[in-house]
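Visitor: Take a look and give me a structure for this.
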Amino acid sequence: MNLFLSRKRKQQRKQIEHAVFQVKYARRMKEDLLDPNTVAELRELQSQLKGHLKAKEFEQGLALAESAGSKAAEIHPTPDGREGLRENVEVFVVVMAVALAFRTYFLQPYQIPTGSMQPTLYGITSVAEYEPGVSDKLPMNVLKFLLSGSRYKEVKAKVDGVVAEPSQWRQQDTFILVPVRHGRSLTYHKIHKDMKSRVKPGMGVRKGEVLATGLLKQGDHIIVNRMVTNFRKPRRGDIVVFSTRGLPLERENSAYIKRLTGLPGETLKICDGTLYADGKRIEDPWVFQRQYNEGEFSDAEKVYPGYNPVSPNTDYFAKFQVSPKFMDCAYELTLGEDEYLMMGDNTDSSLDGRYFGGVPGENVLGIGFFVPWPFINRGIYNDAAGPVH
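Guide: Okay, here's the model as predicted:
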């Protein structure tokens, strides 16, 4: 009997608590539209219901809870009585809004798409000469991918047809979209540029035929702090994500990730693999000495290429009708009052400030500070971006 009474009191308490929620919710949703007397009435109902809860007068509070719920429904009605559904939807919307706001203004993940920052940060790469083993079969391949971001990949033909001419192939970051013609249609196949490819223009293929193979490695996923630039300006050596808005690039509304190498107002030049600012050799922070393969890296196998000049014959300059920069030691670039020079650590494979010049400060989106995934097989050195070895 006592157990029955206990359950009954719990149910009564929940009904009153729910009525408190209904009244409070209706008042907050419509407070700016209600007259002051109605707002006061709702506050009083809420206070009385809480009083019954505090005094544990559940039976006395049930009648008030019922009338309060009706009042709340009258003020903020729910279509077809689907109150629970509406509440869940509204909670979901609020959670999504908070998550999006957090992503927009605080921390945001980015994937490194190319090899321009290697080996500090790995982009999407592929090992062509790779023979799959036990680790590439279920279930081990799932674990391998979760830990290292690597998986053996076979690109198979989606249709019967003929490989189209190279003029119809497309470039997408480090991938090539190879079309197979079938009838009047083209079906594209995404093949990493470093995969072992068997495709040739004009070659006939059958659906399911293997076109390319390789060990595909996902790019590092880096967390970018978007809030820090509200409190300090970017510093030399920071790994920076910036918008390509206004820059002479095909992907104008995209985002690049590079190292900040030049500060506003500086005159920079590249000579013998070394970067100079206002005539002084850049050595601080230590990542620049690593870039030159000096100090603790002098006895090791050369890992980083240093800072290399660009060729004036590059198609980029003709396409965007801009003048070459850093062709040799005689070339200099002076940055504006709110411009930064951004360069990839892997300068041999980086479209960066050596081509498009300075990046306006307003384009800076945030500063990288941590690589949460993959867990292994990441960039090989500790850096301003956090533990990436």
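
Visitor: Please make it C-alpha for all contacts and neighbour counts, starting now.
Guide: Noted.

Visitor: Could you check how far the residue nearest to residue 352 when sequence neighbours are not counted is from residue 285?
Guide: In space, and not counting its chain neighbours, residue 352 is closest to residue 343: 5.1 Å by Cα to Cα, 6 or more residues apart in numbering. Distance, residue 343 to residue 285, by Cα to Cα, to the nearest Å: 15 Å.

Visitor: With neighbour numbers in mind, choose between those two.
Guide: Taking other Cα atoms under 10 Å, residue 343 and residue 285 do not tie; residue 343 has more neighbours (25 against 13).

Visitor: residues touching the more buried one, list them.
Guide: Residue 343 sits next to 258, 259, 260, 261, 350, 351, 352, 353, 354 when contact means Cα atoms under 8 Å, 6 or more residues apart in numbering.

Visitor: List the ones among those that fall in strands.
Guide: Per DSSP state E, strands hold the following members of the contacts of residue 343: 258, 259, 260, 261.

Visitor: and the second one, what are its bridge partners?
Guide: Read it as residue 259. residue 239, residue 343 (DSSP bridges).

Visitor: Counting neighbours, what do you get for it?
Guide: Around residue 259 there are 23 residues (other Cα under 10 Å).

Visitor: can I see the domain layout of this structure?
Guide: According to automatic domain parsing, the chain comprises the domains 2-99, 106-114+221-373, 125-217.

Visitor: Could you list the low-confidence segments of this protein?
Guide: Scanning the chain with the threshold set as pLDDT under 70 gives 1-5, 78-106, 295-302, 380-389.

Visitor: Helices of that one, residue ranges please.
Guide: Under the criterion DSSP state H, helices of the chain are mapped to 2-30, 36-55, 58-75, 83-105, 140-148, 287-291, 315-320, 353-356.

Visitor: tell me the most buried of those helices?
Guide: helix 353-356 (a mean of 22; mean count of other Cα atoms under 10 Å).

Visitor: Tell me which of the helices of the chain sits nearest to residue 305.
Guide: Proximity to residue 305 (Cα to Cα) singles out helix 287-291 among the helices of the chain, at 7.0 Å.

Visitor: So which elements touch that closest one?
Guide: Packed against helix 287-291 by the contact rule (3 or more Cα pairs under 8 Å, 6 or more residues apart in numbering; DSSP states H and E) you find no helix or strand.

Visitor: and with 10 Å instead?
Guide: When contacts are defined as 3 or more Cα pairs under 10 Å, 6 or more residues apart in numbering; DSSP states H and E, helix 287-291 packs onto strand 274-277.

Visitor: strand partners of the strand it packs on, parallel vs antiparallel please.
Guide: strand 267-271 (antiparallel), strand 280-281 (antiparallel).

Visitor: Would you reformat these as a markdown table and include distance to residue 148 and mean neighbour count?
Guide: What follows is the strands paired with strand 274-277, written out as a markdown table (distance: least, Cα to Cα, whole Å; neighbours: other Cα atoms under 10 Å):
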| stretch | distance to residue 148 | mean neighbour count |
| --- | --- | --- |
| strand 267-271 | 36 | 22 |
| strand 280-281 | 37 | 13 |
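
Visitor: want to throw these into JSON lines with distance to residue 159?
Guide: Conversion of the strands paired with strand 274-277 to JSON lines gives the following (distance: least, Cα to Cα, whole Å):
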{"stretch": "strand 267-271", "distance to residue 159": "50"}
{"stretch": "strand 280-281", "distance to residue 159": "57"}
